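*Asks:* All I have is the shape, not the residue letters:
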Ligand code: MV4
């Protein structure tokens, strides 16, 4: 097992990884920017090294500075968390070449899954259902129009290097397709230095279901069932849950099987997520694969009782998974709310600043993953997450009622938060029935905008 790990991240995920390391008897080295000197991960780690200024391009994204810190600190491994360098194949390759274990999949797998059209092809070869569309990138607008004729409108244009909803365009006819084709390419070139786009049939108001998988270095791949992440606004998830209320036993069997086969096909190691769209008729389609630990991993941890971060570390250290698929069961229902320093009454405008008062919920069935404390100043430089509140119970109803209770206890003053919105969602009849899609939030905000309660801190 590793003696010391560098955590190449900040915020609550850095704290989460440090907690796993401490329980495993592994020493931790935090890295931090000048904006994060007072951050909790710096306090909790055994050692900490400043790697540069606030702007992440010069600190958390600077590969040479992180490798230097790793050399100075003499660590065995680097955990990248999510965001920043977590899905940077070049960084994983540099770690491999420097003999520092990258806690994640091989760089070649990160690279392959980073190309969304190659990933889709891999899924198709593994026998998973994929959305009808172009096989690979589309060269020009004539080909785009020809293809759209074949598959039928509406279609969606996606950047090959995209993911997470960036650089997508929906087209309902030839004119908007030609226009969208060009803007999508221009956007993709600017955002990813890769203009390539592909096209597929647009599925209207799908549900977003993702399967958590883990693979060890001996080729064993297991799934930890699914998360439902349809409650999101502009691709920022607000509420996640596991299991999904949309799956019956048969659908669950099929979608988890498809996910495992995809991961096996690419000889996936470490923790990963296979994203699917589920349409209103119960058809599911592979979307993309995330080759990192995800923000919402705690809902799976609480539903199945497995510590995914510890598994990542054990797998990277070469240990085999010590259990079989039949040993993994959905034990409870879990829900997560991401609490952001944003003002939902003001178009979710970021609300950084000093947390003047902080009381975080607890009691039965409540977990809070956070790096925040009273007196902490949320810098404007990074994402605006304050905390993740995870509640769990014997069934979905119990988890929802517990979330309502937990959110009612959560007292944060000094910044605006998304808590009032999430409290309202927990009372929404459609949400409580489990009847929702990716269209939920737009619909919900359209109805409730005026009566948003006191988001004032
Ligand atoms: C789609 C789609 C409908 N049809 N693809 C958005 C993020 C990226 N991972 C894929 N996304 C979508 N791809 C087809 N063929 C709708 C979305 C989508 C979406 C997906 C998951 C969760 C929320 C979403 C919100 C808008 C659009």
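*Replies:* Cool, the structure landed. This is a predicted model, so every value here is computed, not measured.
*Asks:* who touches residue 126 in this structure?
*Replies:* Residue 126 makes contact with 258, 261, 262, 264, 265 under the criterion CB atoms under 8 Å, 6 or more residues apart in numbering. Yep, even glycine has a C-beta here, placed from its N, CA and C like the rest.
*Asks:* For the residues you listed, which PyMOL command selects only the ones that are buried?
*Replies:* The PyMOL selection below is limited to those of the contacts of residue 126 classed as buried (16 or more other CB atoms under 10 Å):
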select buried, resi 258+261+262
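*Asks:* Which of the contacts of residue 126 fall in helices?
*Replies:* 258, 261, 262, 264, 265 (DSSP state H).
*Asks:* Show me which of the residues you listed is closest to residue 310.
*Replies:* Among the ones in helices among the contacts of residue 126, residue 264 lies closest to residue 310 (CB to CB), at 22.5 Å.
*Asks:* pLDDT score assigned to that closest one?
*Replies:* On the pLDDT scale, residue 264 is placed at 98.
*Asks:* Let me see the backbone angles for the closest residue to it other than its chain neighbours.
*Replies:* Computed as CB to CB, 6 or more residues apart in numbering, the closest residue to residue 264 that is not its neighbour in sequence is residue 221, at 5.0 Å. Torsion angles at residue 221 (phi, psi; degrees, to the nearest 10) stand at phi -120, psi 130.
*Asks:* Tell me how many other residues surround residue 221.
*Replies:* Other residues lying near residue 221 total 22 when counted by other CB atoms under 10 Å.
*Asks:* Kindly report the same for residue 175.
*Replies:* Residue 175, neighbours per other CB under 10 Å, totals 10.
*Asks:* so how far is residue 144 from it?
*Replies:* 12 Å (CB to CB, to the nearest Å).
*Asks:* swap in residue 275?
*Replies:* 24 Å.
*Asks:* Compare neighbour counts for the two and give me the winner.
*Replies:* Taking neighbours as other CB under 10 Å, residue 275 and residue 144 compare with residue 144 leading, 25 against 20.
*Asks:* would residue 250 count as being in a strand?
*Replies:* No - counting by DSSP: H, G, I helix; E, B strand; the rest coil, residue 250 is not part of a strand but helix.
*Asks:* tell me which strands and helices the lowest-mean-pLDDT helix or strand in the chain is in contact with?
*Replies:* For the chain, the helix or strand with the lowest mean confidence is helix 440-448, at a mean of 89 (criterion: mean pLDDT, DSSP states H and E). Helix 440-448 is packed against strand 221-233, helix 419-427, with contacts defined by 3 or more CB pairs under 8 Å, 6 or more residues apart in numbering; DSSP states H and E.
*Asks:* for these, which one ends up most surrounded?
*Replies:* Neighbour counts (mean count of other CB atoms under 10 Å) averaged over each of the helices and strands packed on helix 440-448 peak at strand 221-233, with a mean of 23.
*Asks:* so whichever helix or strand comes after that strand versus strand 221-233, what angle?
*Replies:* Where DSSP states H and E defines the elements, the next helix or strand beyond strand 221-233 is strand 236-242. Angle between the axes of strand 236-242 and strand 221-233 is 130 degrees (criterion: axes from the mean of the first three to the mean of the last three CA atoms, to 10 degrees).
*Asks:* Can you tell me the SS state at the spatially most distant residue from the centre of the chain?
*Replies:* Within the chain, the residue lying farthest from the chain centre (CA atoms, centre = their mean) is residue 142, at 35.5 Å. Under three-state DSSP, the three-state class of residue 142 is helix.
*Asks:* OK, contacts around it?
*Replies:* With CB under 8 Å, 6+ apart, residue 142 has no contacts at all.
*Asks:* Look at it and report its pLDDT.
*Replies:* Looking at residue 142, its pLDDT reads 96.
*Asks:* Ok, residue 166 next?
*Replies:* On the pLDDT scale, residue 166 gets 76.
*Asks:* Also the one 3 residues further on?
*Replies:* Model confidence at residue 169, expressed as pLDDT, equals 94.
*Asks:* Could I get the phi/psi values of the nearest residue in space to it that is not next to it in sequence?
*Replies:* Of all residues not flanking residue 169 in the chain, residue 180 sits nearest, at 3.5 Å (CB to CB, 6+ apart). Note on residue 180: its backbone torsions stand at phi -60, psi -30 [degrees, to the nearest 10].
*Asks:* For residue 180, list the residues it contacts.
*Replies:* By CB under 8 Å, 6+ apart, the contact list for residue 180 reads 157, 169, 170, 171.
*Asks:* Give me the domain ranges for the protein.
*Replies:* Domain assignment of the chain by automatic domain parsing yields the ranges 4-103, 132-201, 207-456.
*Asks:* hang on, the earlier thing: distance to the ligand for the contacts of residue 126 - can I get that in JSON lines?
*Replies:* Shown next, in JSON lines, are those (distance: CB to the nearest ligand atom, whole Å):
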{"residue": "258", "distance to the ligand": "16"}
{"residue": "261", "distance to the ligand": "20"}
{"residue": "262", "distance to the ligand": "15"}
{"residue": "264", "distance to the ligand": "22"}
{"residue": "265", "distance to the ligand": "20"}
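*Asks:* From residue 134, how far out is the residue farthest from the centre of the chain?
*Replies:* Taken as CB to CB, the span from residue 142 to residue 134 is 13 Å.
*Asks:* Touching, residue 353 and residue 379? I think so.
*Replies:* No - using CB atoms under 8 Å, residue 353 makes no contact with residue 379, being 9.4 Å away.
*Asks:* Now for the residue nearest the centre of the chain: which residues touch it?
*Replies:* By CA atoms, centre = their mean, the chain has its centre lying nearest to residue 294, at 3.7 Å. Contacts for residue 294 (CB under 8 Å, 6+ apart) come out as 82, 210, 273.
*Asks:* Tell me where the stretch 201-350 of the chain has strands.
*Replies:* According to DSSP state E, counting those that start in this stretch, the stretch 201-350 of the chain carries its strands in the segments 207-215, 221-233, 236-242, 270-278, 284-290, 333-340, 342-343, 349-350.
*Asks:* For the last one, the averaged confidence score.
*Replies:* I take that to be strand 349-350. Mean predicted confidence for strand 349-350 is 96.
*Asks:* Which of the helices or strands spans the nearest residue to residue 63 once chain neighbours are set aside?
*Replies:* Residue nearest to residue 63 in three dimensions, not counting chain neighbours: residue 91, with 5.3 Å by CB to CB, 6+ apart. Per DSSP H and E, residue 91 falls inside helix 89-97.
*Asks:* Not counting the helix or strand following that helix itself, show me its contacts.
*Replies:* Downstream of helix 89-97, the next assigned helix or strand under DSSP H and E is strand 101-102. Applying CB under 8 Å, 6+ apart, the contact partners of strand 101-102 are 2, 76, 77, 78, 80, 91, 92, 95, 96, 316, 317.
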